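Visitor: When you get a sec, could you give me coordinates for this:
(one chain, ligands or ions: 1)
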Amino acid sequence: MSAPHPMAERAGTTTSGPVFEVQGLGKFFPKGNEDIVALREYDLRVEPGQFLVLLGRSGCGKSTLLNLLAGLTRPSTGTIRYHGAPLTGPDTRIGYLTQHDTLMPWRDVTRNIEMPRELRGDDRRSRRRAALDLVELVGLRGFEKHYPRELSGGMRRRVSLARMLCGEPETLLMDEPFGALDAQLRMELQGELLRLWQGSGRTVVFVTHDIEEALVLADRVVVLGRVGAVLLDQRVGLPRPRDPDDVRVDPRFVQLHRQLSSALKEGAR
Ligand SMILES: Nc1ncnc2c1ncn2[C@@H]1O[C@H](COP(=O)(O)OP(=O)(O)OP(=O)(O)O)[C@@H](O)[C@H]1O
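Guide: Presented below is the predicted three-dimensional model:
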């Protein structure tokens, strides 16, 4: 691979101790005289370099939790610490890949990707160079001048991934980033994400409702039930590097799949 490894560029910048430390976290949305409870009394500790997957059914509070970890919304109760300090708002060290496309339709691929560096004031040449390296890295060479509407869903996801990486975040939050893609493309992008993450030292918090996706990617899977109740906190000791195709037929994968599946079912009762 000729392109540089943007996830590795700033590896090792993290300090010891947890990346995130969440205690008693709650999020309520007022509606009429009552509150909609999205999260209640949620605790979480995320270790540096860990690939953590939050697995849960629709509506269990996964996106709410990620928005809180991204500093985009404020907790109703409890605290979030990032590298030991209270998180009070968005932090440039944290990259967030949301569930839905947020590409700028009037900017071409390169200009979308370079946005985080533009926002932090990098000069045109250096941010363009970084964006073009990332175009290469996510396999979009030849599409530099295309606009989002001229790309397939999978290509747009790649652009979004490249844009997040362009900001060189040390922590990545990803909310069902491959949810809307066909199974084959999903697998390809999972493989790509693993290749990018492997050895980078980056911490990832990845949200999905797909058990297989969780097991292909994670060091640790936290299964969430209603209002963020932790149903299972499971280490995934499958060997790395992992090939999404091969790992699925590993007997340990099948065993873990059963465990996660029954935890999800249990939580639905
Ligand atoms: N802005 C909001 N206003 C009111 N209620 C909200 C808001 N955001 C989330 N909720 C409620 O909080 C709960 C959790 O929603 P959230 O989007 O976090 O779930 P999720 O697990 O990410 O679901 P999905 O997998 O479908 O994306 C749901 O009951 C939802 O209706």
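
Visitor: Next, count neighbours for Arg141.
Guide: Arg141: 11 surrounding residues under other C-beta atoms under 10 Å. In short, each C-beta sits where N, CA and C put it, glycine included.

Visitor: what's near enough to touch the closest residue to it other than its chain neighbours?
Guide: Spatial nearest neighbour of Arg141, chain neighbours left out: Val135 (6.0 Å); criterion: C-beta to C-beta, 6 or more residues apart in numbering. Neighbour list for Val135: 109-110, 113, 141, 143-144, 162 [criterion: C-beta atoms under 8 Å, 6 or more residues apart in numbering].

Visitor: Tell me which helix or strand the spatially most central residue of the chain sits in.
Guide: The residue lying closest to the centre of the chain (C-alpha atoms, centre = their mean) is Met174, at 1.9 Å. Element membership of Met174 [criterion: DSSP states H and E] is strand 171-175.

Visitor: Put the alpha carbons of that strand into CSV.
Guide: Extracted in CSV, the C-alpha atoms of strand 171-175 (Å, rounded to 0.1, in the frame of the first residue of the first chain):
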residue,chain,number,x,y,z
THR,A,171,-10.8,8.1,18.9
LEU,A,172,-13.4,7.0,16.3
LEU,A,173,-17.2,6.8,17.0
MET,A,174,-19.1,5.0,14.3
ASP,A,175,-22.9,4.6,14.2
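
Visitor: What strands line up against that strand, and which way round?
Guide: Partners of strand 171-175 in the sheet, by DSSP bridges, are strand 94-97 (parallel), strand 203-208 (parallel).

Visitor: before we move on, back to that, what about the contacts of Val135, which are in helices?
Guide: Counted as lying in helices by DSSP state H, out of these, are 109-110, 113, 162.

Visitor: hmm, which two among the residues you listed are most spread apart?
Guide: Among the ones in helices among the contacts of Val135, the pair separated by the greatest distance (C-beta to C-beta) is Thr110 and Ala162, at 9.6 Å.

Visitor: quick one, what contacts the residue in the stretch 151-269 of the chain that the ligand sits nearest to?
Guide: Evaluated by C-beta to the nearest ligand atom, the stretch 151-269 of the chain has His209 as its residue closest to the ligand, separated by 5.5 Å. Counting by C-beta under 8 Å, 6+ apart, His209 touches 55-58, 62, 176, 179.

Visitor: quick revisit: make a markdown table out of the strands paired with strand 171-175 and add mean pLDDT.
Guide: Listed next are these as a markdown table, based on pLDDT from 0 to 100:
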| stretch | mean pLDDT |
| --- | --- |
| strand 94-97 | 94 |
| strand 203-208 | 96 |
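
Visitor: can you redo these as JSON lines with mean neighbour count?
Guide: Putting the strands paired with strand 171-175 into JSON lines (neighbours: other C-beta atoms under 10 Å) gives the following:
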{"stretch": "strand 94-97", "mean neighbour count": "22"}
{"stretch": "strand 203-208", "mean neighbour count": "24"}
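
Visitor: follow-up on the earlier one: and Thr110 and Ala162? Which one has more around it.
Guide: Here Thr110 and Ala162 are set side by side on neighbour count (other C-beta under 10 Å), and the busier one is Ala162, at 26 against 20.

Visitor: Surely that one is in contact with Ile113?
Guide: Yes. Counting by C-beta atoms under 8 Å, Ala162 touches Ile113, with 4.7 Å between them.

Visitor: where's the residue nearest to Arg141 relative to the ligand, distance?
Guide: Distance, Val135 to the ligand, using C-beta to the nearest ligand atom, to the nearest Å: 29 Å.

Visitor: what do you get for Ala130?
Guide: Here the distance between Ala130 and the ligand works out to 31 Å (C-beta to the nearest ligand atom).
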